[in-house]
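[1] sequence first, then the predicted structure:
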Amino acid sequence: MLRSLRRALRPVRVRISARRFAAGIAELPPTAREALGIDVTAGEAIAYNRVRVATATAVALYRSGYTLPMTDDDLDDAVLALDFPCSVPSAETRASIRAALAVLDADYTVTLTR
């Protein structure tokens, strides 16, 4: 039993393949309606869609070697460069991108392979 507990507590390494930051490399997960069903509320759909864009953008930035701090204009450019279906990200989306990027940068189990 002790052996299985030690195995469960051992950190898992996450590997992210590094790719050039270019338009179209980050795949978006399904939309809120596709993922959560037709009974999703407007607030839930907005939050889900905002975070899915933010997470995909943060992963693309991290893969490309970008770290915090980043200006609002830089984050806006990153979202637009990836051809996500929105014109300019909101303040909440930019905050979500920063949070996801900070998590990726702080987690020692996430490493880039080139």
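    Great, that's in hand.
[2] which ones are touching the residue nearest the centre of the chain?
    The chain has residue 55 as the residue nearest its centroid, 1.7 Å off, counting by C-alpha atoms, centre = their mean. If you count contacts by C-beta atoms under 8 Å, 6 or more residues apart in numbering, residue 55 has them with 96, 100. All C-beta spots, glycine's among them, are computed from the backbone N, C-alpha and C.
[3] how about it, phi and psi?
    Backbone torsions of residue 55, given as degrees, to the nearest 10, read phi -70, psi -40.
[4] and for residue 71?
    Note on residue 71: backbone dihedrals following degrees, to the nearest 10 are phi -80, psi 160.
[5] now do it against residue 96, distance only.
    Using C-beta to C-beta, to the nearest Å, residue 71 is found at 16 Å from residue 96.
[6] again, but for residue 50
    Using C-beta to C-beta, residue 50 is found at 6 Å from residue 96.
[7] overlap in contacts of the two?
    By C-beta under 8 Å, 6+ apart, residue 50 and residue 96 have no common neighbours.
[8] next, the contact list for the residue nearest to residue 101 when sequence neighbours are not counted, please.
    Once flanking residues are discounted, residue 101 sits nearest to residue 58: 4.4 Å by C-beta to C-beta, 6 or more residues apart in numbering. By C-beta under 8 Å, 6+ apart, the contact set of residue 58 is 96-98, 100-101, 104.
[9] let me know the secondary structure of residue 58.
    At residue 58 the chain is in helix, as set by DSSP: H, G, I helix; E, B strand; the rest coil.
[10] also residue 112?
    Here residue 112 is recorded as strand under three-state DSSP.
[11] quick check: it touching residue 64?
    No - using C-beta atoms under 8 Å, residue 112 is not in contact with residue 64, being 9.7 Å away.
[12] can you count the residues close to residue 63?
    19 (other C-beta atoms under 10 Å).
[13] if anything else comes up later, I'll come back, but that's it for now.
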